[in-house]
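Undergrad: Give me the fold of what follows.
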Amino acid sequence: MTYKISILTPVHISSGNKNACFLYHPDRNEHFNCYKIEDLLHFIPPQKLLELQLDNANNNGKRDIIKLFKQYVKYNQLKPQYFLFYKFKSFSKDVTEQIKSLNKPYIPGSSIKGAIMNAIMFNLLNDNKDKVKEFLNNFDKRPTKNLQKSLMTYLFGKDFEEIFKLFSSCICCEDIFFDTMILCDSDRLNMKNNNRNQSQEFNKFECIDNLQEKETKLFIIDQTRKKVFLNKYSNKEIIKKLRIFFNKRNIIIACRNYFRTVIKDDKEYFIEDQFDHFKESDFEGRDQIINFLNTISFDNKDICYLRIGNSTNYFYKSISIFIKKNFYEFYDNNFSLFAPARLGKKNSPKVDTMPKTRIIFKYDNKCYLPGFIKIEPYEEN
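TA: Model (predicted):
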């Protein structure tokens, strides 16, 4: 089975590196070229580097470095590593680097697999709502260090973590390579709500450009590992629930079920205005995001969606979203188990506004929720 993967909004998966702004330089073709630091340093007189005062009292060290590179480096004499499309002028922010191989951006199979496993976990919980309710009704948080681990142990036994890990190893996802990148601005909404500033600028991000498509097998079921898995745990009740996901069609259904809940939560945040995020002032691009969310359709049962990469909301990658949507009273009464920070402070998370923040990417005067991909069967013309 071959699938078509469509990038709906810019995708960023970090390499773990941050690049200084002076590694990027515009050319005449609406590109930012990215250069190697060692190539740039050839132009800088050693004495000028020695004269830098990086810890001066005015905190101008970074500004002095940028000025030095602008003054001495002749970018047109160098060969860039790669280029990105851009729609803004020179900048002084650091850039979070997109993972690449031979300078080609890609979505690692591990990222796809992680999203699929989240969906399967969500479906396991959804199929066992009565037992989840039973666990929550008798829950004692005093000895509980990890709610998710305690819940899954209650549902499927103390060796669930080991079983699920081996099950996960049976599903192998491909790295998916793309051709073009863009350089995006970012904002984190509602980070300064106390002074009514609705967004805060963060670093820039290298991103896989949206509106690209690729054909891929996406994932395969490793038959050797599958056999080992089924033989090892043949007497476990959980096997009946997991073995159905050795069928690709059932994985797609699981992703659809999970993502329908995620989309509903995002719509509540941006559209329904049930909270006070945007009461006094809107952020730029809110309508663009609303319009995008309204294009997501679940009418075609062969199509599913996922969110991949950084800045895609940790809240959706745990049991938190399931508990909130299905057992709100428990979620409300035990909110400290779900909050990402300590409660009781001025800007602490609140039950109704959780998750309070969203990171958005900006490119060419448009705002995006990052990381949306569409998966559908590939049909040759």
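Undergrad: Check the offset of the longest helix along the chain from the chain's centre.
TA: Counting by DSSP state H, the longest helix found in the chain is helix 248-267. Distance of helix 248-267 from the chain centroid (C-alpha atoms, centre = their mean, to the nearest Å) equals 16 Å.
Undergrad: Dump the C-alpha coordinates for the helix or strand hosting Ile289 into CSV.
TA: Using DSSP states H and E, Ile289 maps to helix 286-295. What follows is helix 286-295, C-alpha atoms only, in CSV (Å, rounded to 0.1, in the frame of the first residue of the first chain):
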residue,chain,number,x,y,z
ARG,A,286,-6.8,34.2,13.9
ASP,A,287,-9.3,34.1,11.0
GLN,A,288,-6.7,32.3,8.8
ILE,A,289,-6.3,29.6,11.4
ILE,A,290,-10.1,29.3,11.8
ASN,A,291,-10.5,28.9,8.1
PHE,A,292,-7.9,26.2,8.0
LEU,A,293,-9.4,24.2,10.8
ASN,A,294,-12.8,24.4,9.0
THR,A,295,-11.2,22.7,5.9
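Undergrad: From the contact counts, what lies against the longest helix of the chain?
TA: If you count contacts as 3 or more C-beta pairs under 8 Å, 6 or more residues apart in numbering; DSSP states H and E, helix 248-267 packs onto helix 109-126, strand 219-221, helix 286-295, strand 304-307, helix 320-326. For the C-beta atoms, the positions are set from N, CA and C on the backbone; glycine is no exception.
Undergrad: With respect to Lys240, which of these lies nearest?
TA: Between Lys240 and the helices and strands packed on helix 248-267, the shortest gap by C-beta to C-beta is with helix 109-126, which sits at 11.3 Å.
Undergrad: Assumed Lys362 was part of a strand.
TA: Yes: assessed by DSSP: H, G, I helix; E, B strand; the rest coil, Lys362 belongs to a strand.
Undergrad: related to what we said a few turns ago, which of the helices and strands packed on helix 248-267 sits most buried?
TA: strand 304-307 (a mean of 23; mean count of other C-beta atoms under 10 Å).
Undergrad: Return the distance of that strand from the chain's centre.
TA: On C-alpha atoms, centre = their mean, the centre of strand 304-307 falls 11 Å from that of its chain.
Undergrad: tell me the mean pLDDT over the helix or strand Glu162 falls within?
TA: For Glu162, the host element (DSSP H and E) is helix 160-169. Taken as a whole, helix 160-169 has an average pLDDT of 95.
Undergrad: And it, what's buried?
TA: 160, 163-164, 167-168 (16 or more other C-beta atoms under 10 Å).
Undergrad: right, and Ile263 touches Leu293 too?
TA: Yes: with contact defined as C-beta atoms under 8 Å, Ile263 counts as touching Leu293 (6.5 Å).
Undergrad: For Tyr24, give me its contacts.
TA: 32-35, 84, 95, 183 (C-beta atoms under 8 Å, 6 or more residues apart in numbering).
Undergrad: let me fix that: Ile296
TA: Contacts of Ile296 (C-beta under 8 Å, 6+ apart): 263, 305.
Undergrad: Relative to Leu124, how far out is it?
TA: 24 Å (C-beta to C-beta, to the nearest Å).
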